[in-house]
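Chemist: what follows is a predicted protein model with its sequence.
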Amino acid sequence: MLRSAMKPSELTSAEAFEQHVPGKLIAGSGGRSWKDLLVQLFSRQHEQDTLIVPAVPEPLIVWVLSGEAVVEERPLGGAWLANSVKAGDFVGLCRLLRRNLDDMVKARGPMARCMTGHDQGENVAQMDASVGDIRYVLARHCQGR
């Protein structure tokens, strides 16, 4: 799908996500050993007033090295929820992970019911894997935070 034709509310893949966010790709994973994991390191604008990006079924991890970022998200048709994240702020990151986990668990059922064929199997499996990964990180790094 062409970038100019994409509506902000549409779903995209992790591989195509970079087309929707301004910035410079500094490094990325590639090759056979990376077939199950996509890692991309970007340099983003230091200040960004508003940026609406399409949803992806995979978790998006934002690593703030300096300064701070406010990440806002909303369930389809719901109210915007803001989460402020600062460099070294594990409480904010854990809060964001918990919110993402809750959203993914809620979205899994309708996605499994509404999609069919290969897309359903692939997207539901990605969500299940992401839910497991987030639960692992929360259990290991977010106890008491």
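Modeler: That came in fine, so what should we check first? Residues are numbered from 1 along each chain as shown.

Chemist: can you get me a residue count around Leu96?
Modeler: Leu96: 19 surrounding residues under other C-beta atoms under 10 Å. In short, each C-beta sits where N, CA and C put it, glycine included.

Chemist: my read is that it contacts Asn83, right?
Modeler: Yes: using C-beta atoms under 8 Å, Leu96 makes contact with Asn83 at a distance of 4.7 Å.

Chemist: overlap of the contact sets of the two?
Modeler: Shared contacts of Leu96 and Asn83 (C-beta atoms under 8 Å, 6 or more residues apart in numbering): Val71.

Chemist: hang on, Ala27 in a strand?
Modeler: Yes: using DSSP: H, G, I helix; E, B strand; the rest coil, the secondary structure at Ala27 is a strand.

Chemist: so who does the closest residue to it other than its chain neighbours touch?
Modeler: Excluding its sequence neighbours, the residue lying closest to Ala27 (C-beta to C-beta, 6 or more residues apart in numbering) is Leu41, at 4.5 Å. When contacts are counted by C-beta under 8 Å, 6+ apart, Leu41 touches Leu25, Ile26, Ala27, Gly28.

Chemist: which single one of those residues is nearest to Val91?
Modeler: Comparing the contacts of Leu41 against Val91 with C-beta to C-beta places Ile26 closest, at 27.7 Å.

Chemist: what's near enough to touch the closest one?
Modeler: Ile26 is in contact with Leu41, Phe42, Ser43, counting by C-beta under 8 Å, 6+ apart.
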